[in-house]
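# Return atomic coordinates for the entry below.
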Amino acid sequence: MYTSKLTLKRRLSLASTVLGLSLADLKHEWILTLCLILAIAAIVAPLLLLMGLKHGTIWHLKEQLVQDPKYREIRPTQVRSYPLDWFDRLATRKEVAFLIPTILPASSMITVMSPDTGKIRRGIDLIPTGANDPLILENGGEVPNANQCVLTSVAAEELGNVKVGDMITSRVTRYRKGRREVATAKLKVVAILSPRAGILERIYVPLDFATAVENYREGRAVPELGWAGEAAAPYLSFDGVIVLLPEALAPIQRGDLTINTGLTDIKNLNSEEFQSLTGFSLISNRVAYHLKVSIGGSTVRVNSLVAVKNKLRGRNAILLPYVAPFEVFLGEDLVRVFGLSLSSQQAEMLGVEPLPWKRFSLKRKSRRSPKNLNQVLLPKSSVLPVQAETTLRISGKTEPLLFPVKILDKGFSHHALIPIELAATLRTGIDRQIIYDKVQNTFLLSRIDFRGFRLYTNTIDDVHPIYRVLREQEIEVTAQLESIERVRILDRGLTRIFWLIAIVGIGGGLLALVTSLYAAVERKKKDIAVMRLIGLSRFDVSCFPIYQGVTIAILGIMVATTTYFLLAGVINYTFSSDLEMGQKICHLSSSHLVYATFITVVGAFFSSLLAAWKAIQIDPAEALREE
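Numbering: from 1, shown residues only. Below you'll find the model as predicted:
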């Protein structure tokens, strides 16, 4: 252990001795050393300057593209339908920084008034925005919340130089049933964007407000804003219809029920099949037929029921449109429900107890509102307690639809019974998103698609991949591809020129260093032989030219770096009037300088290997022969 430590200590001492001798030799021949240092600096300094100009210019151009969100924007050029799940899928891509739907152009033009200045501007473009909108955040704004908005600088100026914190009034007009109607809403200005955000008069609002404007323009009501109109009530969907007749139909009459009714399949139902579907028994003096659409997933609408009813006029038929039994939670209890609505006469004909909610009307004006459908009869074998009030929730839906209901009593079916209108509404919720509006006490259809979008990528390099994805989906879009590609072409061209010059310059410099170090070893054969005589090994003397080469390279890169900083400062000062604050046209990062130093030192190391090999070949006896 002691011996190994002593050997290591001696090795370090010898290395220090050789290093000292090599530095002393460089100092002794200072004129030659200075020439080599300046030669390396003369090669490296212009390369650093060229690299600084390349990097600074490209960085400046890229910074302009990256800082301005419009270069990262991809816009559709045609109006088409974009389903909600399309937005969900595209937003998950790593290249997408921001994606939000937009409304129809015909609905986006509104009138804005400033109560403080008295200015009125018509035809201001209404644009939806949301969290992380780069156009807002990177142009001096903040994303607006409910009852707030952001204005472009042009819009603020046209409204009489509206300022942040001011209240403005938006006015939306429409024509409904031959009358002109106007709806207004007050919005607080939370930001005014810089002129870079655009030269058009625009107002940015939350998506909910923008869609409310579009809904109002289309004639629908917006209860959260107090705007009157028609409710977007969901249509009724049925899985089929059961026809009960006192006598069987002839084959030609059966076939007639599938002609021009939208129903394509008809078959007889026996008592077991009828009971399995409805949960109660079929009376013996009735014949049951089951009609449905044979195409998978297709539902039956009210117009098909009307057509069937007309064909059965005068036959004393009972039509039972149905929705296949499904599971719901009544509070915390899971039950299987079936939709059924019967008049007192129909209930008597079927031999069942009258239902509290009576019959179902095919006429739209005669249908009951949801507040009259909130009743449930429990299965006849149920052990659940009768509750005055509870909540109905469909089992298995990711977004629960909550509807308040009253449990009246136990019914006559093995299933829980609800009005068929309620069951048909819930069936529509399988194909369309529906909500229950507590304010209006009604069901409403949620939006299923939009007609446009605003999309921004994370970087300009992500624009082309997303552009290609959208074009593959046959979506016509536009993007700043030409501007981005021009910067890329310039970057590639300057890189090729730099490396061409660098290879020639560095190659020449390394060749000069190799010959200089090799010649130095030739001149100092006697001195190196003496070093061998006094006890230095072959390895020690081989390090002599390597130490000198690395030292010359380090001093050369120091001079080159100093020269670069001086010239870069002059260049940046010369062009400072054409640049924004903090921008530089000649710029290198610290990592670039580290790489340049590393490459120079490594190049000097390999350049000195030939001289090191020559030093190893020198015989100690040559020192004696010289004497």
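
# Report the rounded mean pLDDT for stretch 394-407.
Taken as a whole, stretch 394-407 has an average pLDDT of 77.

# Give me the residues contacting it.
Residues outside stretch 394-407 that contact it (Cβ atoms under 8 Å, 6 or more residues apart in numbering): 326-330, 334, 370, 374-378, 384, 386-393, 418, 422, 426, 429, 433-436. Heads up, the C-betas are built off the backbone N, CA and C, glycines and all.

# Out of the residues you listed, list just those in strands.
326-330, 334, 375-378, 390-393, 418, 434-436 (DSSP state E).

# Quick check: beta-bridge partners of residue 410?
residue 378 (DSSP bridges).

# ok, now which ones touch it?
Contact analysis of residue 410 by Cβ under 8 Å, 6+ apart lists 377-380, 382, 386.

# Same list (those residues) but as JSON lines, adding neighbour count and distance to residue 176.
As requested, the contacts of residue 410 are arranged in JSON lines below (neighbours: other Cβ atoms under 10 Å; distance: Cβ to Cβ, whole Å):
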{"residue": "377", "neighbour count": "24", "distance to residue 176": "40"}
{"residue": "378", "neighbour count": "24", "distance to residue 176": "44"}
{"residue": "379", "neighbour count": "20", "distance to residue 176": "46"}
{"residue": "380", "neighbour count": "16", "distance to residue 176": "49"}
{"residue": "382", "neighbour count": "17", "distance to residue 176": "47"}
{"residue": "386", "neighbour count": "13", "distance to residue 176": "45"}
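
# In JSON lines: the residues you listed, plus pLDDT and distance to residue 354.
Formatted as JSON lines, the contacts of residue 410 follow (pLDDT from 0 to 100; distance: Cβ to Cβ, whole Å):
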{"residue": "377", "pLDDT": "90", "distance to residue 354": "11"}
{"residue": "378", "pLDDT": "89", "distance to residue 354": "17"}
{"residue": "379", "pLDDT": "89", "distance to residue 354": "18"}
{"residue": "380", "pLDDT": "85", "distance to residue 354": "15"}
{"residue": "382", "pLDDT": "80", "distance to residue 354": "19"}
{"residue": "386", "pLDDT": "72", "distance to residue 354": "18"}
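
# And those, which is closest to residue 203?
residue 377 (52.3 Å; Cβ to Cβ).

# what's the nearest residue to that closest one if we skip its chain neighbours?
Closest residue in space to residue 377, ignoring its immediate chain neighbours: residue 411 at 3.2 Å, by Cβ to Cβ, 6 or more residues apart in numbering.

# Pull the distance from the helix or strand hosting residue 290 to the chain's centre.
Per DSSP states H and E, residue 290 falls inside strand 287-292. Computed by Cα atoms, centre = their mean, to the nearest Å, the chain-centroid distance of strand 287-292 equals 49 Å.

# List the neighbouring strands of the helix or strand harbouring residue 74 plus their orientation.
Using DSSP H and E, residue 74 sits within strand 73-76. Applying DSSP bridges, strand 73-76 is found paired with strand 452-457 (antiparallel), strand 477-479 (antiparallel).

# that older thread, which is the next helix or strand following the strand holding residue 290?
Note on strand 287-292: by DSSP H and E, the next helix or strand toward the C-terminus is helix 302-311.

# contact partners of that next one?
Applying Cβ under 8 Å, 6+ apart, the external contacts of helix 302-311 come out as 235-236, 238, 241, 243, 256-257, 260-263, 291, 317, 319, 321, 362, 364.

# Show me which positions of that helix end up buried.
Neighbour-count burial for helix 302-311 flags 302, 304-305, 307-308, 311 (criterion: 16 or more other Cβ atoms under 10 Å).

# Spatially nearest residue to residue 479, not counting backbone neighbours?
residue 74 (4.7 Å).

# Spit out the contact partners of that neighbour.
By Cβ under 8 Å, 6+ apart, the contact list for residue 74 reads 455-457, 463, 466-467, 470, 477-479.

# For the stretch 51-200 of the chain, which residues score under the pLDDT cut-off?
Applying pLDDT under 70 to the stretch 51-200 of the chain picks out residues 54-67.

# Show me the helices in it, by range?
With helices called from DSSP state H, counting those that start in this stretch, the stretch 51-200 of the chain shows them at 84-91, 134-137, 153-158.

# Residue 598 is nearest to which of these?
helix 134-137 (37.1 Å).

# which residues are contacting the closest one?
Against helix 134-137 from outside (Cβ under 8 Å, 6+ apart): 69-70, 72-73, 97-98, 129, 142-143, 150, 191, 193, 197, 204, 454, 456.

# Now, of the residues you listed, which are buried?
Here, 16+ other Cβ under 10 Å leaves 69-70, 72-73, 97-98, 129, 143, 150, 191, 193, 197, 204, 454, 456 buried among these.

# Among these, name the ones in strands.
Counting by DSSP E, the part of the buried ones among the contacts of helix 134-137 found in strands is 73, 97-98, 129, 150, 191, 204, 454, 456.

# Could you dump the residues you listed into a markdown table with distance to residue 163 added?
As requested, those are exported to a markdown table (distance: Cβ to Cβ, whole Å):
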| residue | distance to residue 163 |
| --- | --- |
| 73 | 28 |
| 97 | 30 |
| 98 | 27 |
| 129 | 20 |
| 150 | 13 |
| 191 | 11 |
| 204 | 16 |
| 454 | 26 |
| 456 | 28 |
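
# Return the closest of these with respect to residue 593.
Once Cβ to Cβ is applied, the member of these that ends up nearest residue 593 is residue 97, at 32.0 Å.

# quick one, what contacts that closest one?
Residues near residue 97 by Cβ under 8 Å, 6+ apart: 72, 132, 134, 456-458.

# let's go with 10 Å and repeat that
Contact analysis of residue 97 by Cβ atoms under 10 Å, 6 or more residues apart in numbering lists 69, 72, 91, 132-134, 455-459, 462.

# again with residue 244
Applying Cβ under 10 Å, 6+ apart, one finds that residue 244 lies in contact with 269, 274, 282-283, 285-289, 316-320, 346, 349-350.

# Using PyMOL, define a selection of the buried residues within these.
Here is the PyMOL command that selects the buried residues among these (16+ other Cβ under 10 Å):
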select buried, resi 269+274+282+286+288+289+317+318+319+320+346+349+350
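
# Among the contacts of residue 244, which lie within strands?
Secondary structure from DSSP E places 269, 287-289, 318-320 of the contacts of residue 244 in strands.

# Low-confidence regions, the stretch 351-500 of the chain specifically.
Along the stretch 351-500 of the chain, the model assigns pLDDT under 70 to residues 387-388, 396-399, 487-488, 490-491, 493-495, 497-500.

# Let's see that with 90 instead.
Along the stretch 351-500 of the chain, segments meeting pLDDT under 90 span 351-354, 356-375, 378-412, 425-452, 458-464, 474-500.

# Can you show me the helices along it?
So, for the stretch 351-500 of the chain - with DSSP H, counting those that start in this stretch - the helices run 420-431, 463-472, 481-523.

# Name the residues of the shortest one that are buried.
Using 16+ other Cβ under 10 Å as the burial criterion, the residues of helix 463-472 that qualify are 463-464, 466-467, 469-470.

# could you check the angle helix 84-91 makes with it?
Counting by axes from the mean of the first three to the mean of the last three Cα atoms, to 10 degrees, helix 463-472 lies at 150 degrees to helix 84-91.

# and helix 463-472, C-alpha only, in PDB?
Provided in PDB are the C-alpha atoms of helix 463-472 (Å, rounded to 0.1, in the frame of the first residue of the first chain):
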ATOM      1  CA  VAL A 463     -46.100  23.600 -37.700                       C
ATOM      2  CA  HIS A 464     -45.300  21.300 -40.600                       C
ATOM      3  CA  PRO A 465     -46.100  18.000 -38.800                       C
ATOM      4  CA  ILE A 466     -49.600  19.300 -37.700                       C
ATOM      5  CA  TYR A 467     -50.200  20.800 -41.100                       C
ATOM      6  CA  ARG A 468     -49.500  17.400 -42.700                       C
ATOM      7  CA  VAL A 469     -51.800  15.600 -40.200                       C
ATOM      8  CA  LEU A 470     -54.700  18.000 -41.000                       C
ATOM      9  CA  ARG A 471     -54.100  17.700 -44.700                       C
ATOM     10  CA  GLU A 472     -54.200  13.900 -44.400                       C
END
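
# Thanks a lot, see you next time.
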